[in-house]
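Colleague: Predicted model and sequence follow; I will ask about them next.
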Amino acid sequence: MTLREELCPPKLEEEKVRTLKDLAERLDGCDSRLEDCTALRTAFNSLAKTNLQTVDFHFSGAIDSDTFVRRVLTPRPRKVEDVSYEELLELMTRICNAVGSDYELDYWLQFLEVQLDNHKLSDLIYYPNEYFGDGTDRDEMTPKEILDTAIQHKPSIILLPPSNNL
């Protein structure tokens, strides 16, 4: 199925991505006490229009620099009112089968979280036993079963009482 534009990550300026990727790679593991590290971070933040700290660039091993930069540049997806069940299922299938770049998969997961109003969707996909918390083995759920569960079973948000240390 071909995805319509509203369901895809936004197009980014590839030259900007390359420049920021180079800066991010140089900043990964950089010692914040060094002058050149501060200059690199300032250059990155100026170009990306962010306010990241040096510690934010310690990403190696978790994701690659290209995905890191694309995540930084991409705003959180917005709700699409006319998205169909078939489109949601296509995105869920792509995520479950890892069909797409890390950046696309990450975007589509965030997109589904917004569409389904389910902030624990990644747990449902990758750690279903923890999502349900009942010890039942649901590791073999299909994308359709995951989607149907996410639609029907909205996790509650636990609100903590305000701190008395005001």
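Modeller: Looks like it came in fine. Numbers count the residues shown, from 1 in each chain.
Colleague: tell me the domain boundaries of the protein?
Modeller: The chain breaks down by automatic domain parsing into domains covering 14-73, 85-152.
Colleague: mind listing what's buried in the helix or strand harbouring Ser46?
Modeller: Element membership for Ser46 (DSSP states H and E) is helix 35-48. Within helix 35-48, the residues scored as buried using 16 or more other Cβ atoms under 10 Å are 37, 40-41, 44-45, 48. C-beta: built from backbone N, CA, C; applies to glycine.
Colleague: hey, where'd the helices end up in the protein?
Modeller: 14-27, 35-48, 65-73, 85-96, 102-116, 121-126, 128-132, 143-152 (DSSP state H).
Colleague: Quick check: which helices or strands does the second one pack against?
Modeller: Contact here means 3 or more Cβ pairs under 8 Å, 6 or more residues apart in numbering; DSSP states H and E; on that basis helix 35-48 packs against helix 14-27, helix 65-73.
Colleague: Please work out how many residues are found near Arg18.
Modeller: 12 (other Cβ atoms under 10 Å).
Colleague: Okay, it and Asp56: tell me how far apart.
Modeller: With distances taken as Cβ to Cβ, to the nearest Å, Arg18 is found 19 Å from Asp56.
Colleague: how about the helices and strands packed on helix 35-48 in a markdown table, adding mean pLDDT?
Modeller: Output for these, formatted as a markdown table (pLDDT from 0 to 100):
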| stretch | mean pLDDT |
| --- | --- |
| helix 14-27 | 96 |
| helix 65-73 | 94 |
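Colleague: closest one to Glu130 among the ones you listed?
Modeller: helix 65-73 (23.8 Å; Cβ to Cβ).
Colleague: picking that back up, let's have the buried residues of helix 35-48 in CSV, adding distance to Met1.
Modeller: Converted to CSV, these look like this (distance: Cβ to Cβ, whole Å):
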residue, distance to Met1
Cys37, 45
Leu40, 42
Arg41, 41
Phe44, 37
Asn45, 38
Ala48, 33
